[in-house]
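*Asks:* Attaching a predicted model along with its sequence, questions to come.
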Amino acid sequence: MEVKFNWDALPSTKLEASRLSTPLGCLIRKNSAKVPTLTSFPTKCSNCGAFTSIYTKYDTTSDTIFCPFCQSNSKLETGTYPQEIDFQSIGESDDTFDYVLPTDIAQPIVSRGPVVLFVVDTYQHVECPKEMAALKKRLIECISEIPPETPVGLITFNRDVTLHSKISDIDISVDDFPSTSDLNDILGNKPMLAHILLKIANNSKNNIWKGQNLLQSGYFFSPSELIQRVNELSSMPTRSFKSERASGLALLVASLLLSSASSSSLLGKVMFFSSGPCTIGPGLVVKSAENIRTHDDIANMKARHFADSSKFYRALSYVACGYTLSQANDAAFSLNVSLTDFAVKPSAPKFSINLFFGALDQVGLYEMSPMSSGTGGSIIFSDSFESHSFGSKLMAITPTLSDQDNCITVMTSTGLKVSYSLNYGTPYQSSYQYGNASNFHHQRISDTITGFESSLRKRYFTNRWYLGDLRDSVSCVLFEVDPLALNGKDVYIQFQLEWWSHELQKRVIRSSTLRKQTTLSTFLGKVGEFSKITKKVSESARHKALLSSFNPDTWITILTRLLINKIDTTLGFESFEEVIDIMDSTLIRITNLFGNIQKEASVSENPFEKLKTLYSIDEHFKSLPIYGYYLRRNPQLVSIFNSSPDETAYFHHIFMGLGVEESCIFIQPKLYEVCGRALSPRPLLTTSIQSKDDGIFYVLDTYHTIIIYLHCNKNKLRLHSSDNDDIIYGRKLEKINRILDIVESELTTSRTFVPKLVLTQTGHSQARFLLSRLSPPNNILVDGKKTKRRWWQREKLQKQITKEDISSEKYLEEVLTRAHSFKIQDDF
């Protein structure tokens, strides 16, 4: 595994811990590199459950081990030592091992799947006559890539839901239920669920609710058979973008089919395609006659369907993670019930939910996104199924025999507590509560609530998370340091990632164990006995050790995840500006403590400039305020008030799965000038593209979008105001083709995420996408006139930086000025 911490050395005192300004955290990527493999179950410490590793001490005479996590001896089971690999003969650079678990003969492999279930919206707006044909083309391309032995199913919906079968299709409608029923609470209504389940059972080849194989029920086809079904699909014409669309009911039927059947350990994927919001039945986002909600409506409690629909879709994500229908309903709708109150059976069916939209208006993604983020699914949010961008993104994530059913457990030694995670996934019971253990709270799990968390969001005290289809996404785990318990000694952290390998048809556990130094133990080699360290190491030396271990790129990535999590759980409950306050104060605080700010005299000849106090900052630390500047202006991450809720949900979903390098590009884009056959980096300043000769191309890489910009006043390209896919993907202009080849070779070839390509030029409507991301010149003043206060605003706090359009230099100057006069207050 690839693990990156925001601080590589841990604080040894409470004062040092408070100076971190954000929780200690790490980003974890499951890479594809080969590691030493054992074909056996891992040997565990009988006291804490940690796996043996290169740091475990063996005593072969007494058949015991000394566990570095619980600092105690544990008796080995007979025959577990020696293992296939001698840990003691391996260097500390090899700290990761794979365990390919023996096959459980009691579990038939045939029931694992995977299955792929397509859920397709058949509405077609009369003003978009090519959309249904484009959707069917995308579906066929997608199905054609699925291995031929994979079972695939189909559910179509408009106002009603149709479950396709080899016997006869069955229809399920909201009219099947009493008009007085609250359909958002359908997961807790056994008679309504029984009605749907009975319809499905009566039409199956066998009784799938009583131990018969779901895959033999008649509801699943071969990929070639399903392609024929898709070709025969007919569209439902409509003149409204908000037709009566039962999206929630269709997803409920899909969840019931996959989760309620008796097929043990079934794994699957739900592929949901839609062109509009749910307007009827469970999961209702907006009624046909209403305007769809905005951030303003959500923040001011005016979106009357928001809470119920969000809980409904969140409950479906819990079902997809293996929780029962009643458990999922109770956890989603009840304030007093937590997911970690329930244990998920290892044999429970699990599946990811992938959401694909092609629509010009909002579709309810803000409410529905937990289904994907909670199960490790993918999201594509496009304005049309016809667009090349949609097609290329879909083919990049087409279902393959990837590893599924990923679950991670994080173990720590004394002095370090697991706090919570910020990534795709859903909480499971902790390893101290799971199985024979029954500890709802444990000394290695933090119960501290920080200022980065929403005051009303449920907190799950666990060290285990279900990650679903992990793919190449990056997880984030946060910790709480307890310096008193730590006592300055090294800390051990173990990541246990377990998954089902379709290639091997077996379960695999990857164990990665790290030893992290503290600011005291760093000096152990120089001092000798550990007991003498505290006397010999000064506070200044420890401070330098902590600073030298700082990773600014990882730190800003984790801070951004914290802010995104706060935004997504705050709107409607707390002031959005509190998030901006937290970001400003956090940057100022850490700059004050570690930036090594120095006063400098002005070298200007202007007498007024000489009166100014100038500050400098340590070069190692200078990138943070600049990251903060571009993060504050980022319209996809923090500055969301001009975006729709659906756009916010989409971009936040993308960011929460990125690694450090990708996240930094997302936060602070990269500007390039095309010079010959290469891209040359340029500062993110408006002056970089001004006062240049005509005909110069620039490329702005924001990670999710790559903008190709032609600086010209004459000889302009003939561009459409918004859609130039025919030029980009049709490769109609030779000079544009040259730029596309350079972009592909230098920027996109190594990426798994397919960015959207935008072509624009001077004076073009889409040039704003590039210009808005550049810093204005340093001598531009901000208009100080009063403006109307909007939903995200309130009376400005004195500590908050209020100017939105200042240059990056002015922002840095203001941060340094405030950091120099900052007074230490409370912990983060």
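*Replies:* Perfect, thanks for sending it.
*Asks:* buried sites along stretch 230-248?
*Replies:* Buried positions in stretch 230-248, judged by neighbour count with 16 or more other C-beta atoms under 10 Å: 230, 235-236, 238, 241-248. C-beta coordinates here come from the backbone N, C-alpha and C atoms, glycine included.
*Asks:* Break this protein down into its structural domains.
*Replies:* 2-105+404-556, 115-396, 557-771 (automatic domain parsing).
*Asks:* Neighbours of the nearest residue to Tyr428 once chain neighbours are set aside, how many?
*Replies:* Among residues not flanking Tyr428 along the chain, Arg464 sits closest, at 4.3 Å (C-beta to C-beta, 6 or more residues apart in numbering). Residues near Arg464, counting by other C-beta atoms under 10 Å, number 24.
*Asks:* so what's Arg464 bridging to?
*Replies:* With DSSP bridges applied, Arg464 shows beta-bridge pairing to Thr409, Tyr428.
*Asks:* list the contacts for it?
*Replies:* 407-410, 427-431, 434 (C-beta atoms under 8 Å, 6 or more residues apart in numbering).
*Asks:* mind checking pLDDT for Arg471?
*Replies:* Arg471 is assigned a predicted lDDT (pLDDT) of 80.
*Asks:* how near is it to Gly153?
*Replies:* 22 Å (C-beta to C-beta, to the nearest Å).
*Asks:* Can you find the helix or strand of the chain with the lowest average pLDDT?
*Replies:* None of the helices or strands of the chain scores lower by mean pLDDT, DSSP states H and E than helix 607-610, at a mean of 45.
*Asks:* For Ile170, what are phi and psi?
*Replies:* The phi/psi pair for Ile170 (degrees, to the nearest 10) reads phi -120, psi 140.
*Asks:* change the start of the numbering to 123 and stick with it
*Replies:* In the new numbering, first residue 123, that becomes Ile292.
*Asks:* per-residue confidence for it?
*Replies:* According to the prediction, Ile292 has pLDDT 94.
*Asks:* Quick check, it in contact with Ala323.
*Replies:* No. Assessed by C-beta atoms under 8 Å, Ile292 is found out of contact with Ala323, at 10.4 Å.
*Asks:* Surely Cys529 forms part of a strand?
*Replies:* Yes. The assignment for Cys529 (DSSP: H, G, I helix; E, B strand; the rest coil) places it in a strand.
*Asks:* That one touches Phe617, doesn't it?
*Replies:* No. In this structure, Cys529 is not within contact of Phe617 by C-beta under 8 Å, at 11.4 Å.
*Asks:* Which one's more surrounded, these two?
*Replies:* Cys529 (24 against 21).
*Asks:* Tell me which stretches of the stretch 223-372 of the chain form strands.
*Replies:* Ranges of strands in the stretch 223-372 of the chain, per DSSP state E, counting those that start in this stretch, are 237-243, 245-247, 274-279, 282-285, 292-295, 358-360.
*Asks:* How far off centre is the fifth one?
*Replies:* For strand 292-295, the distance between its averaged C-alpha position and the chain's averaged C-alpha position is 35 Å (C-alpha atoms, centre = their mean, to the nearest Å).
*Asks:* next one: phi and psi at the residue nearest to the spatial centre of the chain?
*Replies:* Centroid check for the chain by C-alpha atoms, centre = their mean gives Met778 as the closest residue, at 2.6 Å. Per-residue torsions, Met778: phi -70, psi 0 (degrees, to the nearest 10).
*Asks:* and Ser707, helix, strand or coil?
*Replies:* With three-state DSSP as the criterion, Ser707 reads helix.
*Asks:* got it, and Phe819?
*Replies:* strand.
*Asks:* hey, what's it bridged with?
*Replies:* Bridge pairing for Phe819 - DSSP bridges - gives Leu832.
*Asks:* Return the residues in contact with it.
*Replies:* Contacts were defined as C-beta under 8 Å, 6+ apart; by that measure Phe819 touches 795-796, 830-833, 861.
*Asks:* how about Val540, phi and psi?
*Replies:* Backbone torsions of Val540, given as degrees, to the nearest 10, read phi -80, psi 130.
*Asks:* how near is the residue nearest to Asn764 when sequence neighbours are not counted to Ile150?
*Replies:* Among residues not flanking Asn764 along the chain, Pro757 sits closest, at 6.2 Å (C-beta to C-beta, 6+ apart). Distance, Pro757 to Ile150, by C-beta to C-beta: 28 Å.
*Asks:* now do Ser357
*Replies:* From Ser357 to Ile150 the distance is 44 Å (C-beta to C-beta).
*Asks:* can you tell me the helix or strand for Asn195?
*Replies:* strand 194-197 (DSSP states H and E).
*Asks:* Out of the strands of the stretch 223-372 of the chain, flag the one nearest Leu337.
*Replies:* Closest of these to Leu337 is strand 237-243, at 6.8 Å (criterion: C-beta to C-beta).
*Asks:* Measure how far that closest one is from the centre of its chain, please.
*Replies:* With C-alpha atoms, centre = their mean, you get 23 Å for strand 237-243.
*Asks:* Tell me which residues are up against it.
*Replies:* By C-beta under 8 Å, 6+ apart, strand 237-243 touches 257, 261, 265, 268, 272-280, 336-337, 342, 348, 355, 367, 369, 372-373, 376, 379-380, 388-398, 473, 521.
*Asks:* Pull up the pairing partners for that strand, direction included.
*Replies:* Checking strand 237-243 against DSSP bridges gives partners strand 274-279 (parallel), strand 389-396 (parallel).
*Asks:* quick revisit: packing partners for whichever helix or strand comes after the strand holding Asn195?
*Replies:* Following strand 194-197 in sequence order, the next helix or strand is strand 218-222 (DSSP H and E). Judged by 3 or more C-beta pairs under 8 Å, 6 or more residues apart in numbering; DSSP states H and E, strand 218-222 is in contact with strand 159-160, strand 628-638.
*Asks:* Quick one: work out the angle between strand 218-222 and strand 628-638.
*Replies:* Orientation check (axes from the mean of the first three to the mean of the last three C-alpha atoms, to 10 degrees): strand 218-222 against strand 628-638 gives 160 degrees.
*Asks:* CA atoms only for strand 218-222, dumped as CSV, please.
*Replies:* Output of strand 218-222 as CSV, limited to C-alpha atoms (Å, rounded to 0.1, in the frame of the first residue of the first chain):
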residue,chain,number,x,y,z
THR,A,218,3.2,-5.2,3.2
PHE,A,219,2.0,-8.8,2.7
ASP,A,220,-0.9,-10.5,0.9
TYR,A,221,-2.7,-13.4,2.5
VAL,A,222,-4.6,-15.5,-0.1
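*Asks:* hmm, who's touching it?
*Replies:* Residues outside strand 218-222 that contact it (C-beta under 8 Å, 6+ apart) are 123, 157-164, 175, 207, 623, 626, 628-635.
*Asks:* Which among those residues count as buried?
*Replies:* 123, 160, 164, 175, 623, 629-635.
*Asks:* need those in CSV with pLDDT and distance to Ser643, can you?
*Replies:* What follows is these, written out as CSV (pLDDT from 0 to 100; distance: C-beta to C-beta, whole Å):
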residue, pLDDT, distance to Ser643
Met123, 86, 23
Leu160, 90, 30
Pro164, 91, 27
Ser175, 90, 18
Ser623, 90, 38
Arg629, 91, 36
Val630, 94, 33
Ile631, 95, 29
Arg632, 95, 27
Ser633, 95, 23
Ser634, 95, 21
Thr635, 95, 17
